[in-house]
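*Asks:* Let's see this in three dimensions:
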Amino acid sequence: MIKNTSRLFKCILLIMSVLHVSKANAQEISVSSFQLLENDLTANTYGTMQKDHNGEVAALIKIPTTVQGFTFDGGMVGIVKTEQHVGEIWVYVPHGIKRISIFHQQLGYLRDYYFPIPIDKARTYEMKVVTAQVQTITNVTVQQQFVVFQVQPTDASVEINDEILIVNEQGMATKRLPYGRYNYRVSSPNYHTQAGVLEVTAENKAMIQVSLKPNFGWIELNAAEEYHGAYVYLDGERIGLVPLITEALKSGKHSLRIMKPSYKVLETEALVSDNDTTQIDVSLDSNMAAITLLAADEECEIWVDDELKGKGSCVVRLEVGEYKAEVRKPSHQSASVLVKVTGNEAQSITLPQPVALYGSLEVMSMPFGASVYLDDAPVGETPLLLNNILVGSHQVRLESAGYASLEKTIEVAHSQTASLNVSMEKGNSKAKIEKPKKEEPKPEPQKEEPKKEAPKKPELKKEKPASEAKLPTFMAYAGAGVQVMPKIMISTQAGAYFKGVNVEYNYSFEPSFETQKYDLRAGYGLKMGKSFMLTPQVGYGALAGFDDYGVYRNLHKGILAACRVQMNFGNNFSAAVSPSYHLAIGEVALNASIMFNLPLAK
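*Replies:* Numbering: from 1, shown residues only. Next up, the predicted model:
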């Protein structure tokens, strides 16, 4: 019994010794340092970047070692991926992981190593691991070497195997790379891209100098002084005025458009070469034509688009287009013509003659018989009525033996009568002058051809609108004509106007006197311009004739409506047309007559 107990105790001691040795061997793996690699972008670079189970960029822990066979455990969050690289192991872990366990078949394990710093996503860290048998990390990676770029321009972009390097203000970029061959590319806006292959070896760092060739040039526009100030458009965008030198332009063809008033538009193409200035001499063709404008006499003013160009005749230079050429002359109605300029060919244009505007002047004096001078020219004795006086200001002077002479300025308006009534005083004292007044116009005088008489004053007074024209205070008229519908009859009329109110009697008959018509009408006259008058009328009329029994009597009586239209030929003659409608018989009639007018009061 004692012997068996001794054997059991020896087995227990042997088992405890084995466990103690195993435990000692397992704890020989340790971490000598753990740090963040600030400038290492491996975890956040396309091609070496990994994502965790949540789709977020994983963190990367690099373990420098030449020993293989390590396994890693991240606990509940797990390990994303483990990669064996030359001289080191890459362990991708989710961000926020707190601890990691390391296992090796021969070297033992390290359980639940808690990270001394937070683990952020897309960041790269370095963990140095050592064991009792071998230190698995070295301080220098002898299988890598630096690559240094020196580039011009200094803002160029440098790429190695599609990885972009950071270029400092001096145009330098560096990168530590494992040994091998790499493709590089250097590019910059407005420069030609340069690409090549570099080789990284252990001997020396690779130094690469790149000066990109410009892919741009300039355009310089020169011109004679007469073309200075022309607008310059480059590729449809306005950039300045001639002369100029453009900013740097991309090499190749560019469109130019140069514009200046009075010149034709110049459109051309300019070829810009690398790092060169293209010289262009600008020459523009005139877009103006010499137009000679001729007026009737030297007193005529010539205006083009309401701008005075000269008197009598002038030469103007006009661009292609349409212009209004106008001739103005005092006391005349201006005349205009449309001038069309289609090219730069010279033209000579005779302008129409302005039409003279006339009025009338009535001069009365006490005593009668005073000599009247109009603009220093004798024109007669008072009482005096002068027609065909050019509109505008005129000087009127009256002289009579034993009386002081009298001089007055008076305005004559178109188609109106200006009146001057004055009492002259004896001796050298000043005469008493009544204020000139304008009378209401008399019936329109017969139109006469305008006289080519030069006015004395350059002032031109506007004609009153037709709506302001007035009728004579009292005018009687009589006339005869024909009724043209519904059947032919001889017609007579007689009537009068008093302050516009019209009263008219009409009598019409057939040549056989079988039928007669007569009516009395009342209306109101409206002056329509210089020569026309419109008179709406109402009245009462009757139709007399033989009835079915052969008795001559009034067949119809009733109210009628009419409208009298009169056109004056002169002071005393006019033509009248009077359409009418008899309500009692439903008959429309039309009378046409020649009238004699007799104004009895102004």
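*Asks:* what stretches of the stretch 301-450 of the chain score poorly on pLDDT?
*Replies:* 428-450 (pLDDT under 70).
*Asks:* Any idea how many residues pack against Ala562?
*Replies:* Neighbour count for Ala562, taken as other C-beta atoms under 10 Å: 22. The way it works is simple: take the backbone N, C-alpha and C, and place the C-beta from them, glycine included.
*Asks:* doesn't Glu226 fall inside a helix?
*Replies:* Yes: counting by DSSP: H, G, I helix; E, B strand; the rest coil, one finds Glu226 located in a helix.
*Asks:* how many neighbours does it have?
*Replies:* 12.
*Asks:* What of the one 3 residues further on?
*Replies:* Counted with other C-beta under 10 Å, residues neighbouring Gly229 total 12.
*Asks:* again, but for Leu560
*Replies:* 23.
*Asks:* so which strand or helix has it?
*Replies:* Assigned by DSSP states H and E, Leu560 falls within strand 552-568.
*Asks:* partners of the helix or strand just after that strand in the sheet?
*Replies:* Remark: after strand 552-568, the chain's next helix or strand is strand 573-582, criterion DSSP H and E. Strand pairing for strand 573-582, using DSSP bridges, gives strand 552-568 (antiparallel), strand 587-601 (antiparallel).
*Asks:* Let me have the ones you listed in JSON lines, extended by distance to Gln145.
*Replies:* Output for the strands paired with strand 573-582, formatted as JSON lines (distance: least, C-beta to C-beta, whole Å):
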{"stretch": "strand 552-568", "distance to Gln145": "115"}
{"stretch": "strand 587-601", "distance to Gln145": "120"}
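*Asks:* So which of these is nearest Ile160?
*Replies:* Closest to Ile160 of the strands paired with strand 573-582 is strand 552-568 (C-beta to C-beta; 102.4 Å).
*Asks:* gap between the spatially closest residue to Gly312 that is not a sequence neighbour and Val551?
*Replies:* Leaving aside its chain neighbours, Gly312 sits nearest to Glu298 (3.9 Å; criterion: C-beta to C-beta, 6 or more residues apart in numbering). Distance, Glu298 to Val551, by C-beta to C-beta, to the nearest Å: 80 Å.
*Asks:* Ile61: what's it in contact with?
*Replies:* 90-93, 100, 125-127 (C-beta atoms under 8 Å, 6 or more residues apart in numbering).
*Asks:* could you redo the last one with a cut-off of 6 Å?
*Replies:* Shown in contact with Ile61 (C-beta atoms under 6 Å, 6 or more residues apart in numbering): 91, 125, 127.
*Asks:* is it true that the second one lies in a strand?
*Replies:* Looking back up the chat, that one is Tyr125. Yes: counting by three-state DSSP, Tyr125 falls inside a strand.
*Asks:* Dig out what it forms beta bridges with.
*Replies:* Leu36, Ile61.
*Asks:* In this structure Lys329 contacts Cys300, no?
*Replies:* Yes: between Lys329 and Cys300 there is a contact under C-beta atoms under 6 Å: 5.0 Å.
*Asks:* quick one: low-confidence parts of the protein?
*Replies:* Residues of the chain that meet the cut-off, pLDDT under 70, sit at 1-27, 132-142, 428-472, 485, 550, 601-602.
*Asks:* in it, which spans are helices?
*Replies:* In the chain, the helices defined using DSSP state H lie at 2-26.
*Asks:* For burial, what's the neighbour tally of Gly69?
*Replies:* Burial of Gly69 is recorded as 10 neighbouring residues (other C-beta under 10 Å).
*Asks:* list the contacts for it?
*Replies:* Gly69 is in contact with 104-105, counting by C-beta under 6 Å, 6+ apart.
*Asks:* Leu384: how many residues sit nearby?
*Replies:* Residue neighbour count, defined by other C-beta under 10 Å, stands at 20 for Leu384.
*Asks:* Over to Ser400?
*Replies:* 20.
*Asks:* Next: Gln150.
*Replies:* With other C-beta under 10 Å as criterion, Gln150 counts 15.
*Asks:* ok, it touching Met207?
*Replies:* No: proximity of Gln150 to Met207 does not meet the contact threshold set by C-beta under 6 Å, at 7.4 Å.
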